[in-house]
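**Student:** show me how the following folds:
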Amino acid sequence: MLAVIRRRAPWTEVVLCGCRVQGDGAAEEIAAAIRMFARARCADVLIVGRGGGSVEDLWAFNEEVVARALAESPVPTISAVGHETDFTIADLVADLRAPTPSAAAEAAVPERNALCREARELALRLESSIQGRLAELRDAAEVERTTLVEATYGLTRRHRERIAQEAGKLNALSPLAALGRGFAVPLDPGGRVLRSAGDFVPGASFRLQVVDGVVPCEVAR
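**Tutor:** Residues are numbered from 1 along each chain as shown. Sure, this is the predicted structure:
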């Protein structure tokens, strides 16, 4: 069993508990060892077994005390008693029956090459998943950027239209616009607008503001 474990998974820590596996008192020692591992919780799996022998040699694994200890064990158990043709009550109670102790060791630990393959496959899957997620994020960012550009263009266009509307209103109220339509504004030498006939004193000079300049004028006597 140790050779198989070292070959398949050399990093595995093996904890042994020696006990008699045949003869008077063997069943009690086997049960005590199983319960010791149950209390210690120091193992992920427990192999209970021995090499082959006669029915009498293997009889301790048919005893009730061993069967109860296996049934009560919180640690998963593998029964590996004798050779493939041997069969005991322990095989029925354990979580798994192995045909030989070597087969029990193979069942207890993974094979390192298989673990390496699985690790490589997981790494490839992880890389693929990350690449896919990055592509999704890039696509989402591009869509967001396009949407932002469109929103910016739309907002700019609306602002330009509003500015043009306000400029049109201001232009309609501008005195220059009135001058452009043929109106003129009389101004005294100080620049004051002459609004009524009383503002025009005979012989006084004034200037007439038109759209493209100023025309000097004089009030007739």
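
**Student:** what's the domain layout of this structure?
**Tutor:** Domain ranges of the chain: 2-110, 112-173, 175-218, per automatic domain parsing.

**Student:** the shortest one: how far from the chain's middle?
**Tutor:** Between the centre of domain 175-218 and the centre of its chain there are 78 Å (Cα atoms, centre = their mean, to the nearest Å).

**Student:** again, but for the longest one
**Tutor:** In this view, domain 2-110 has its centroid 44 Å away from the chain centroid, taken as Cα atoms, centre = their mean.

**Student:** quick one: average pLDDT of that domain?
**Tutor:** For domain 2-110, mean pLDDT rounds to 91.

**Student:** end to end, how far does that domain reach?
**Tutor:** End-to-end span of domain 2-110 (Cα to Cα, to the nearest Å): 14 Å.

**Student:** which element is the residue lying closest to A98 once chain neighbours are set aside on?
**Tutor:** Nearest non-adjacent residue to A98, counting by Cβ to Cβ, 6 or more residues apart in numbering: A104, 3.6 Å away. No exception for glycine: its C-beta is placed from N, CA and C like everyone else's. Secondary structure from DSSP states H and E places A104 in helix 101-108.

**Student:** that helix - contacts with which helices or strands?
**Tutor:** Counting contacts by 3 or more Cβ pairs under 8 Å, 6 or more residues apart in numbering; DSSP states H and E, helix 101-108 packs against helix 2-8, strand 46-50, strand 77-81.

**Student:** return the most buried member of these.
**Tutor:** Compared across those, strand 77-81 shows the largest average neighbour count, a mean of 25 (mean count of other Cβ atoms under 10 Å).

**Student:** and that strand, which strands flank it?
**Tutor:** Strand 77-81 has the following strand partners under DSSP bridges: strand 46-50 (parallel), strand 96-97 (parallel).

**Student:** in contact with P110, which residues?
**Tutor:** 8-9 (Cβ atoms under 8 Å, 6 or more residues apart in numbering).

**Student:** quick one on the thing from earlier: export the helices and strands packed on helix 101-108 to CSV and tack on distance to A167?
**Tutor:** Formatted as CSV, the helices and strands packed on helix 101-108 follow (distance: least, Cβ to Cβ, whole Å):
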stretch, distance to A167
helix 2-8, 86
strand 46-50, 91
strand 77-81, 91
